[in-house]
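Chemist: Predicted model and sequence below, questions to follow.
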Amino acid sequence: MLPACSFSEESVWPSLTGEDPAGGQTEAAEATPQPAMQDGAATPQVASSQPPLGDGNFQPMGVTPGQPTGTFVGKKVIELREELKRVQASIVEHNNVLQSQRGKLVANSQRYHGTIAAVNARLQVGTTPGNPVLIQQFKSAQADLERITQDIAGMNTLASQIGKNSTMSSYLSESTSAAFAVSGAIDEDHRQLRILQDEVSRTDVLIERLLTEVANDVRRQTNYVSTERANLNVMSTGIKGGEIYGGSLINMAMASNGSTAMSAGGPVNTVGKRPLVVIRFDRNDVAYQQALYNAVSRVLDQRPGAVFDLVAVAPTSGGEARVALNSNKSRRQAEDVLRALVEMGLPPARVAVSARTIASARTNEVHLYLR
């Protein structure tokens, strides 16, 4: 059930890192969403994969040999030619490192996605809460993701080394141009200088292309790791409950481009509004997490910048002492619901929490409203 409104695009807050699903469990409860939210509810699937890596293979064309002329400019040409050979040899080395790092990234990513696919397949059909087999697989996926992070760090180091080549190439370009103005040169010196100048220019272009491609790889893979850390956080929650949720809620919000950050601020008056989800704590161990995830994820699919109000509701029957006890318990239950939303990836700044009593309530409830 979504209110009729026009959706605006707003930005999101940073992703959360995954936590160990073997940790302590919070009190569970069961959501009672409005009928419109229940119809056709389908469990979202984790559908993330490694972004493409660049496919450039950067090989210098080599340096044209020349003959000594015996002049000062001729000797300078020989020196510059040797410097260019060293730069090109360094490019070959850096290119080999790049291809090796790409291979490691792909291998680690394939292993990582194979592991989380196995976990999701088990969660899809249902399993015991805190299944130790899944916990071990989860830790293996975390280790794979950490290896990918280390691969990215290696590419960052490579980019720094390539930058040094770019500096040297710029120096060679300036020195070659300046050599034309040196007196005492013969025609052969200038002919060799022109050849060298062309080769320096081609080498400079090759270095810039190499540096750009490495930078693009680093940027895409860094965003990829950030997304997967958020998905692992949701997976850890799923393992605790023994059922699949889907991708991180924050990743759904990130689907909106060019948006503006929005904070929930203080709670607003929700009296008379129809709640998105009603969670009734009329028994112990109410499993509300899946229905809560489905409701919030549907909202974020249509309104990535959505802000929510979470209201702890207590009944007014039973006298002042009973009302006070119920109100305190209801607040704790609302805090558990908020904790569950954060574990699913929803930034806490997107949720304003408040409390009130309702005469018509028969038991403690927690209501979630779309702001």
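Modeler: Here it is on my side, so go on.

Chemist: how many other residues sit next to residue 169?
Modeler: Other residues lying near residue 169 total 23 when counted by other CB atoms under 10 Å. To be clear about C-beta, it is placed using only N, CA and C from the backbone, and glycine gets the same treatment.

Chemist: you'd agree it is up against residue 87?
Modeler: Yes: in this structure, residue 169 is within contact of residue 87 by CB atoms under 8 Å, at 6.0 Å.

Chemist: Overlap of the contact sets of those two?
Modeler: 203, 207 (CB atoms under 8 Å, 6 or more residues apart in numbering).

Chemist: The chain: helices as residue ranges?
Modeler: 35-38, 72-125, 132-179, 187-241, 249-253, 289-302, 319-343 (DSSP state H).

Chemist: among the ones you listed, which is the most enclosed?
Modeler: Comparing those by mean neighbour count (mean count of other CB atoms under 10 Å), helix 249-253 ranks first with a mean of 25.

Chemist: Could you export the helices of the chain as JSON lines, including mean pLDDT and distance to residue 367?
Modeler: Putting these into JSON lines (pLDDT from 0 to 100; distance: least, CB to CB, whole Å) gives the following:
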{"stretch": "helix 35-38", "mean pLDDT": "36", "distance to residue 367": "13"}
{"stretch": "helix 72-125", "mean pLDDT": "93", "distance to residue 367": "28"}
{"stretch": "helix 132-179", "mean pLDDT": "93", "distance to residue 367": "32"}
{"stretch": "helix 187-241", "mean pLDDT": "91", "distance to residue 367": "21"}
{"stretch": "helix 249-253", "mean pLDDT": "67", "distance to residue 367": "19"}
{"stretch": "helix 289-302", "mean pLDDT": "88", "distance to residue 367": "12"}
{"stretch": "helix 319-343", "mean pLDDT": "89", "distance to residue 367": "9"}
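
Chemist: For residue 54, find the nearest of the ones you listed.
Modeler: Among these, the nearest to residue 54 by CB to CB is helix 187-241 (4.0 Å).

Chemist: Show me what the closest one is packed against.
Modeler: helix 72-125, helix 132-179, helix 249-253, helix 289-302, helix 319-343 (3 or more CB pairs under 8 Å, 6 or more residues apart in numbering; DSSP states H and E).

Chemist: Please compute how far that helix lies from its chain's middle.
Modeler: Relative to its parent chain, helix 187-241 has a centroid offset of 18 Å by CA atoms, centre = their mean, to the nearest Å.

Chemist: got the angle for it vs helix 132-179?
Modeler: 160 degrees (axes from the mean of the first three to the mean of the last three CA atoms, to 10 degrees).

Chemist: Helix 319-343 and helix 187-241, what's the angle between them?
Modeler: Using the same axes, to 10 degrees: helix 187-241 against helix 319-343 is 150 degrees.

Chemist: now helix 187-241 against helix 289-302, angle please.
Modeler: Using the same axes, to 10 degrees: helix 187-241 against helix 289-302 is 140 degrees.

Chemist: between helix 187-241 and helix 72-125, what angle do the directions make?
Modeler: Going by the same axes, to 10 degrees, helix 187-241 makes 10 degrees with helix 72-125.

Chemist: show me what contacts the residue nearest to residue 222 when sequence neighbours are not counted?
Modeler: Nearest non-adjacent residue to residue 222, counting by CB to CB, 6 or more residues apart in numbering: residue 152, 5.9 Å away. Residue 152 makes contacts with 105, 218, 221, 222, 225, as judged by CB under 8 Å, 6+ apart.

Chemist: What is the nearest of the residues you listed to residue 122?
Modeler: Nearest to residue 122 among the contacts of residue 152, with distances taken as CB to CB, is residue 225, at 23.8 Å.

Chemist: Touching, the closest one and residue 148? I think so.
Modeler: Yes: Residue 225 is in contact with residue 148 according to CB under 8 Å; the separation is 5.9 Å.
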